[in-house]
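J.: Can you look at this prediction? I've put the sequence above it.
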Amino acid sequence: MEKELKDVSQASIAQALAADYFCIYYVNTETDRFVEYSGSEEYDRLGLPKAGDDFISFSRNRFEEHIHPDDRERFLDRFTKEKVVESLDRTGTFTMTFRMLFGEDERYVHLKVTRMIEKEQRHAVIGLSSVDEQMRARAAYEKAHSESITYSRVAQALAGDYFSIYEVDLEDDSFVEYSSIDDYDTLGVEKEGTDFFETSRKNMERLMYHEDLDRFLRVFNRDRVLSIIERDGHFTTKYRLMVSGEPKYVSLKATLLNDSAGAHLIVGTTDIDAQMKRELEYQKLMESARTDAKNDFLANMSHDIRTPMNAIVGYTNIARSNLDDSELVRDSLDKIGSSSHFLLSLINDILDISKIESGKLVLSKERVDLEDVFRRIEDITLLQARNKSLNISYDHTSVKNTHILTDELRLEQVLINITSNAIKYTPDGKDVYLRAEETDLGNGRSLYRFMIKDTGIGISEDYLPHIFESFTREEKTTVNRVQGTGLGLSISARIVEHMGGRIDVKSEPGKGSEFTVEVELERTEDDATGSVEEKPLEDLTGKKILIIEDNDINAEIAAMVLSQFGMTSSVAINGKEGLDVLEGSEGEYDAVLMDIQMPVMNGYEATRAIRKLSGDYYRDLPIIAMSANAYDQDVRNCLEAGMNDHIAKPFQPEELIRTVAKYIYRK
Ligand code: ADP
């Protein structure tokens, strides 16, 4: 009876225990044969054999493929016959945990091997149970635990940066001070209390540097702080505290902590005094450097502008007092002309330099034929060289691809600048060479190298490193009375730099200098838009032009140029008057010259209004801006307002006539 009971209970105990396992294997340790004692439906779906010869090999071969790849190596390493037996001998069991794959699911599985002796035969029982929930809970716990340890260490480390930290319970605005350094304690502020904002405001009235108090009181209130935190994630403000009679910069930062303990504000204050003082010092230094540079610039500019102005004013007076002496008048006019020319190039250079220095230089990328560029450089510099009886030679035979993408005017400006210098700083009768070379870099790009060599006065070793700086000139050139501003090379160097190229100079005093400009440029296909021969001026006799211009002198100059070419004109003194004139005289005028800055109605507004008048005449009437606003953006604005073209003041008579003709004959 007792034995029976024992058998029954053993069976049911086994059964009850077996329910914890989703699979149990039974292995004869003598023969190594195994059978599956029970397996769950899900386990069955893995399709593993239910019996076999060598359990360890079976597991390592077949079982392994159902183990998570990250756990496979560990499994193969531990689940060997030696290690299992060794563990059983030592502890009576062998266990290990790994992740198994059931289709898409992965699950933590605990494998347990125990020995049993039954009817003289030795067996091992291998049970697999799911420990997924426990393992996940444990992993989550470990992660949270390690995070909270890390957080508290990080918090501790960061807290060192703050000389005070408050935690404010936003439910009732009560506060406690978390940590503070000793110095702060001497300020005598509360370590806990009920109304954080009110308490702080009161304390600050006592502790803050008086100049900063007003602003602080304006921003530091509950609503404002919370709404800024909501918007930016935090609230910060800087102010000065009086510490031992001295104002010291501090920075206050408030952030929101929203967790199971409710909404809390963490408010920390750091000492930024040294940092702020350094920053202010630096700003002061920069400001004074800027002022120095500005003063130098103004001094240079005013000197350079006064010199040619002095000549213009002086020779105008000489001419006026000697009207009968036509020789003297002509000579004075020549000098006025050349001084004006110099003044204009100076103004352009000053504009260029300030544009470059304020980062506003924008290079265009247009289809350019280098042949045209070479031709224009030759036209200009040949004349300059002839005036000095210099020999100048050009060689660009090795440039095979002349069609490129670049900013034509700027490239030309650089090359003319350097070549003009070579001519300027080379005594009469000597030689200047300009040579261009091309190296094909493949991929549709070439390196263009321009070399400008002279046999002139050369540049001293001392000055050479400064040659590309603004407003610098070598002393001997100023002593020799060669006109210049010391801006040309600095502009050229900056343009080349913008083009991604380089500019170099070699020189030997007394022997000459050689400048090299290298730029890598994209080539384009040869196209029909290449060079067009300049046409002779068209006959404009009898054409009628409306000049809209508020400045009498400018209007008069334009009218005189037009009349020299046989045209008639009338003047309107602002945009509104111009509009009225045109509205009452449909078809009468062949073109309009439009100033931009005018009282009552400016040139843009007037143009828009004219284009809005009904009739083809007002749509097609050529309107040409004639303006001193000469930046690229100004030109674009003119075109956008509906004008056809733009000429910059001061203009050359021929330029005005060509532009007017272009649009009158286009009609
Ligand atoms: P600018 O010619 O208007 O004075 P640049 O910036 O073009 O200004 O040149 C700066 C200075 O460099 C010149 O004043 C001159 O002293 C020196 N320089 C430039 N080119 C040459 C050259 N080819 N030979 C000798 N000196 C030169």
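T.: Thanks, I have the structure now.
J.: What does the pLDDT read for residue 505?
T.: Predicted confidence (pLDDT) at residue 505: the value is 96.
J.: sec struct for the residue in the stretch 501-650 of the chain positioned nearest to the ligand, please.
T.: Of all residues in the stretch 501-650 of the chain, residue 513 sits closest to the ligand, at 4.3 Å by CB to the nearest ligand atom. Yep, even glycine has a C-beta here, placed from its N, CA and C like the rest. Assigned by DSSP: H, G, I helix; E, B strand; the rest coil, the conformation of residue 513 is strand.
J.: bridging residues for it?
T.: On the basis of DSSP bridges, residue 513 is bridged to residue 507.
J.: from here on, count from 43
T.: All right, first residue 43 from here; so that's residue 555.
J.: Would you enumerate the residues in contact with it?
T.: Contact partners of residue 555, counting by CB atoms under 8 Å, 6 or more residues apart in numbering, are 464, 467, 495-496, 498, 500-501, 547-549.
J.: Let's have these in TSV, adding neighbour count, secondary structure and distance to residue 83.
T.: Formatted as TSV, the contacts of residue 555 follow (neighbours: other CB atoms under 10 Å; DSSP: H, G, I helix; E, B strand; the rest coil; distance: CB to CB, whole Å):
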residue	neighbour count	secondary structure	distance to residue 83
464	27	helix	96
467	22	coil	99
495	18	strand	94
496	28	strand	98
498	22	coil	101
500	20	coil	99
501	21	coil	95
547	16	strand	89
548	13	strand	90
549	21	strand	94
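J.: Tell me the one of these nearest the ligand?
T.: Nearest to the ligand among the contacts of residue 555: residue 467, at 3.4 Å, using CB to the nearest ligand atom.
J.: Pretty sure that closest one sits against residue 496.
T.: Yes. Counting by CB atoms under 8 Å, residue 467 touches residue 496, with 6.9 Å between them.
J.: Surely residue 628 is in contact with residue 661?
T.: No. Applying CB under 8 Å, one finds residue 628 not in contact with residue 661, separated by 11.8 Å.
J.: of all the residues in the stretch 443-592 of the chain, which ones are close to the ligand?
T.: 463-464, 467, 496, 498-501, 509, 515-516, 519, 526-532, 555 (CB under 6 Å from any ligand atom).
J.: switch the cut-off to 8 Å
T.: Counting by CB under 8 Å from any ligand atom, the stretch 443-592 of the chain comes close to the ligand at 459-460, 462-464, 466-468, 494, 496, 498-501, 505, 509-510, 514-516, 518-520, 524-534, 547, 549, 554-555, 557.
J.: Please apply the same query to the chain.
T.: Within the chain, the positions near the ligand by CB under 8 Å from any ligand atom are 391, 459-460, 462-464, 466-468, 494, 496, 498-501, 505, 509-510, 514-516, 518-520, 524-534, 547, 549, 554-555, 557.
J.: Buried among the residues you listed? Make that a PyMOL selection.
T.: Of those, the buried ones go into a single PyMOL selection, burial set by 16 or more other CB atoms under 10 Å:
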select buried, resi 391+459+460+462+463+464+466+467+468+494+496+498+499+500+501+505+509+510+515+516+519+526+527+528+529+530+531+532+533+534+547+549+554+555+557
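J.: Residue 284: what secondary structure?
T.: strand.
J.: In the stretch 93-242 of the chain, where is pLDDT below threshold?
T.: Within the stretch 93-242 of the chain, the ranges that satisfy pLDDT under 70 run 159-163, 190-202, 221-228.
J.: And the strands in it?
T.: Remark: strands assigned in the stretch 93-242 of the chain by DSSP state E, counting those that start in this stretch are 93-94, 135-144, 147-160, 163-172, 204-211, 216-222, 234-235.
J.: partners of the fifth one, with directions?
T.: Same thing as strand 204-211. Strand 204-211 pairs in its sheet with strand 216-222 (antiparallel), strand 304-313 (antiparallel), by DSSP bridges.
J.: Give me the buried stretch members for it, please.
T.: Residues of strand 204-211 classed as buried by neighbour count (16+ other CB under 10 Å): 204-210.
J.: Out of these, which two sit at the greatest distance?
T.: Farthest pair in these (CB to CB) is 205 and 210. Separation: 17.2 Å.
J.: Now the terminal residues of stretch 360-375, how far apart.
T.: 10 Å (CA to CA, to the nearest Å).
J.: buried sites along that stretch?
T.: Quick answer for stretch 360-375 (16+ other CB under 10 Å): 360-361, 371, 374.
J.: ditto for stretch 695-709
T.: Neighbour-count burial for stretch 695-709, counted by 16+ other CB under 10 Å, picks out 698-699, 701-703, 705-706.
J.: the helices in the stretch 193-342 of the chain, which residues?
T.: For the stretch 193-342 of the chain, the helices defined by DSSP state H, counting those that start in this stretch cover 224-227, 238-249, 252-261, 264-274, 315-363.
J.: Bridged to residue 136, which residues?
T.: Bridge pairing for residue 136 (DSSP bridges) gives the partners residue 155.
J.: Could you look up the SS state of whatever residue of the chain ends up closest to the ligand?
T.: Nearest to the ligand, among the residues of the chain, is residue 526, at 2.5 Å (CB to the nearest ligand atom). Per three-state DSSP, the secondary structure class of residue 526 is coil.
J.: if I read this right, residue 151 contacts residue 173, doesn't it?
T.: Yes. Under the criterion of CB under 8 Å, residue 151 makes contact with residue 173 at 6.8 Å.
J.: what residues are shared contacts of those two?
T.: Common neighbours of residue 151 and residue 173, counting by CB under 8 Å, 6+ apart, are residue 139.
J.: Residues touching stretch 372-392, excluding its own?
T.: So stretch 372-392 is contacted by 343, 346-347, 350-351, 353-354, 357-358, 360-361, 364, 525, 527, 529-530, 533, 692 (CB under 8 Å, 6+ apart).
J.: try 7 Å this time
T.: Applying CB atoms under 7 Å, 6 or more residues apart in numbering, the contact partners of stretch 372-392 are 343, 346-347, 350-351, 353-354, 357-358, 360-361, 525, 527, 529-530, 533, 692.
J.: Out of the helices of the stretch 193-342 of the chain, which is closest to residue 158?
T.: The closest of those to residue 158 is helix 264-274. By CB to CB, the value is 66.6 Å.
J.: Any chance you could list what contacts the closest one?
T.: Residues from elsewhere that reach helix 264-274, judged by CB under 7 Å, 6+ apart: 239, 277, 296-298.
J.: When residue 151 and residue 173 are compared, which one has more neighbours?
T.: Higher neighbour count among residue 151 and residue 173: residue 151, with 23 against 14, using other CB atoms under 10 Å.
J.: Show me which of the contacts of helix 264-274 are buried.
T.: With burial judged by 16+ other CB under 10 Å, the buried subset of those is 239, 277, 296, 298.
J.: Same list (these) but as JSON lines, adding distance to residue 89.
T.: Shown next, in JSON lines, are those (distance: CB to CB, whole Å):
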{"residue": "239", "distance to residue 89": "70"}
{"residue": "277", "distance to residue 89": "63"}
{"residue": "296", "distance to residue 89": "62"}
{"residue": "298", "distance to residue 89": "56"}
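J.: can you tell me which of those residues are in strands?
T.: 277, 296, 298 (DSSP state E).
J.: Show me the least confident stretch of the helices of the stretch 193-342 of the chain, going by mean pLDDT.
T.: helix 224-227 has the lowest average pLDDT among the helices of the stretch 193-342 of the chain, namely a mean of 63.
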